[in-house]
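Participant: Could you work out the structure for the sequence below:
(2 chains)
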Amino acid sequence: MSAIETSFPSLPTTLAIARVQRQIAAGRLVRVLLLSLTIAVPFLTPALASQLSGALQTLVMWALPLGVLAAWIMIGIGGAKITRLLAGTPVLIAAGEFEQAELRLAESVRQFTLLRGVKLMCLHHLAMLRHAQGRFDDAQQLAAAVLRQAGNVPSADPRSDVTARLLLADASLEVGDLWSVYRMLLTLRGSSLDLDEQLQCERIEIEYLARAGAWDQMLIALPQRVQMIELMPAGASGLCYLLLGQAARRVSQSAVAEYLESRARLLVEPAELAVRRPWLQEWIG
Amino acid sequence: MTRLDDQPQPPQSLDVPYLLSASVPRGERPLGRFLLIGIALAVVAWMLGRAGGAAAPLIGLLALIAGFAGVLWLSARSLAEHRGEQQAVRTVETLMQLRRWQEAAGLLQSILARPMRLETMRAKALVYLSGVLSRYHRFDDAIAVQNHLLEGPMLDGEGIYAVRLGRAMAMLRADHLFDADRAINELRKMVSRAVEAGQESTTGEHRTDVAARVAPSRESAALALVEMYRDVKTGHPDEALQTFDLAREAMRRQLGHRLADGYALGARAAQMIGDAERARRLWADATLLAPAPELLRRYPEIAPVTEFPATPAPSELFPGAAAT
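Facilitator: Now for the predicted structure:
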């Protein structure tokens, strides 16, 4: 799939990453300050109030705690606003409405919030958009930035880490960065994956092994692989059959190769697959 | 996984009328519980105001903390219950994908036997229930669940279309041919309207009516499959083959391994018109993607086509399966 040309200006990847990183760093600082203030308020308020009298005393007694409370509420509202902006973007991306998704993501990247998870979600959705647009270099950079920022801090959404890894692995595969694919597959295989994620992981692994020429490894646990492939959508299963057929042919299992390639031919047009994967051309030929 | 299906054993425990009534959400209002905490706090504040004394601020602070903790606990409990329900329904989906029907039926029984928390999750669970019932050939029960879903406001446009498709297929299997024919015609109209709406939207006009949201044209391959089955069942093989030729590309793109169903029905239609060579070829393709027993289980009417040889599966790929 070649990159989709768009008629509207898109948010530069490096700018988006830098902005989100700045906001996360600033957010961390403000959060520490606010937390310290919140802890100090019960002690600070009586101390301040005791030095005042009358209306001023009442004002301080109320204003300080309420001010802190208001600050926390504002943080929550800010995060909710960005979350609302982001909520519809996966649907827009899936529907191919990239311009609308781009506008929402640009707005959500611009807005400031103290909630680190929300800012990371902006980058994550932007990576999804770039992947769908066929801009795999950008998608790879963004997914890597999400994982770098997430680090060891547990995410509010436990699945987001896995989906970021899958996205990075797939984008790396598209740009031919097999080392990154290998690293991601290692971490993914150690994670708890749901069925859809397992299927994606399987497809990426088969494609990676084929590109690395690891034919023998591709045929390990072949019946289990075929069972997984039977659950994939037509395009992915056709590709996997084609690659496994190629592997079987390389190790002289011609009956298996013939069977798998026949399945592939029913499910996909091999020439269509080769448009996006030029390296496939020589095998199809 | 098609070659490792568990054998159909009708789950007698899936009592449809009971599950439909028992799973209705209770309509709990979590706001009410928060209101109770607020009232309790107000009472404490009022009592403190009356009592006064040196300990009053401390008791007030403790009451506030207790109220805050109560709200947090209630929110966390409610969230955990919602997540648990979502997870259970997702598990049913996974079990069905893996064709572990008995486990899916057992889990559905336990989910639907008590009031669910979310109407959307209940709708999903009922859709899966209709799938499991169809799998066990309890087509009238499946139709009852699908009718229940279509009568209520639980589904959106795409959901309505998918349930109607499933219902049309169940009607065909249950030999309700007149109802099935009417249902298929309605589905065809929905698809036509959606295609027209799509064409208008590409010319710049904006449609906001229901037809624009209902029945996306991408699902027409599934409809073509239902139409083929109707034509084979009612003895119109020419029409079935015509539909197959027109929709083969869409089926290839959309149905994945269920493309085998199209080939199997096409093979039977070709056999019915006496084109043995084509029937043989199509049956070989069908059994390349799915085992013959599975196809016969889905469409018992295609049994005569088994006179043609099925594609043998290499034992390296399906070690546990008998050669088909």
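
Participant: ok, which stretches of the stretch 101-250 of chain B are strands?
Facilitator: Counting by DSSP state E, counting those that start in this stretch, the stretch 101-250 of chain B yields no residue ranges for strands.

Participant: pLDDT weak spots in it?
Facilitator: B:198-219 (pLDDT under 70).

Participant: mind checking the SS state of residue A:9?
Facilitator: coil (DSSP: H, G, I helix; E, B strand; the rest coil).

Participant: burial of it, as a residue count?
Facilitator: 8 (other CB atoms under 10 Å in any protein chain shown). Just so you know, the C-beta spots here come from the backbone N, C-alpha and C atoms, and that holds for glycine as well.

Participant: the longest helix in chain A is where?
Facilitator: Counting residues, the longest helix found in chain A (DSSP state H) is helix A:13-50.

Participant: What is it packed up against?
Facilitator: Counting contacts by 3 or more CB pairs under 8 Å, 6 or more residues apart in numbering or on different chains; DSSP states H and E, the secondary-structure elements packed against helix A:13-50 are helix A:54-87, helix A:98-110, helix A:116-132, helix A:136-150.

Participant: residues in chain B within reach of chain A, list them.
Facilitator: Residues of chain B that fall close to chain A, judged by CB under 8 Å from any CB of the partner chain: B:1-2, B:4, B:61, B:90, B:94, B:97-98, B:252-257, B:259, B:263, B:285, B:288-289, B:311, B:313-314, B:316-319.

Participant: Give me the buried entries from those.
Facilitator: B:2, B:98, B:252-257, B:259, B:263, B:285, B:288-289, B:311, B:313-314, B:317-318 (16 or more other CB atoms under 10 Å in any protein chain shown).

Participant: Contact partners for residue A:38?
Facilitator: A:68, A:72 (CB atoms under 8 Å, 6 or more residues apart in numbering or on different chains).

Participant: what's the answer for residue B:229, then?
Facilitator: B:169, B:172, B:265, B:299.

Participant: That one and residue A:218, how far apart?
Facilitator: 37 Å (CB to CB, to the nearest Å).

Participant: separation between residue A:43 and residue A:64?
Facilitator: 11 Å.

Participant: the more surrounded of those two?
Facilitator: A direct count of neighbours by other CB under 10 Å for residue A:43 and residue A:64 places residue A:64 higher, at 18 against 9.

Participant: Next to chain B, which bits of the stretch 51-200 of chain A? Give me the list.
Facilitator: A:194, A:195.

Participant: Next, count neighbours for residue B:300.
Facilitator: Residue B:300 has 11 nearby residues by other CB under 10 Å.

Participant: Could you tell me the per-residue confidence at it?
Facilitator: We have a pLDDT of 93 for residue B:300.

Participant: residue contacts, it?
Facilitator: Contacts of residue B:300 (CB under 8 Å, 6+ apart): none.

Participant: hang on, the earlier thing: which of the residues of chain B next to chain A fall in strands?
Facilitator: Using DSSP state E, no member of the residues of chain B next to chain A falls in strands.

Participant: Can you flag which of those residues belong to helices?
Facilitator: Per DSSP H, those map to helices at B:61, B:90, B:94, B:97, B:252, B:253, B:254, B:259, B:263, B:285, B:288, B:289.

Participant: chain center to whichever helix or strand residue A:272 is part of: distance?
Facilitator: Using DSSP states H and E, residue A:272 falls within helix A:270-276. Distance of helix A:270-276 from the chain centroid (CA atoms, centre = their mean, to the nearest Å) equals 26 Å.

Participant: contact partners of that helix?
Facilitator: A:1, A:2, A:235, A:238, A:239, A:242, A:264, A:280, A:281, A:284.

Participant: This completes my enquiry, with thanks.
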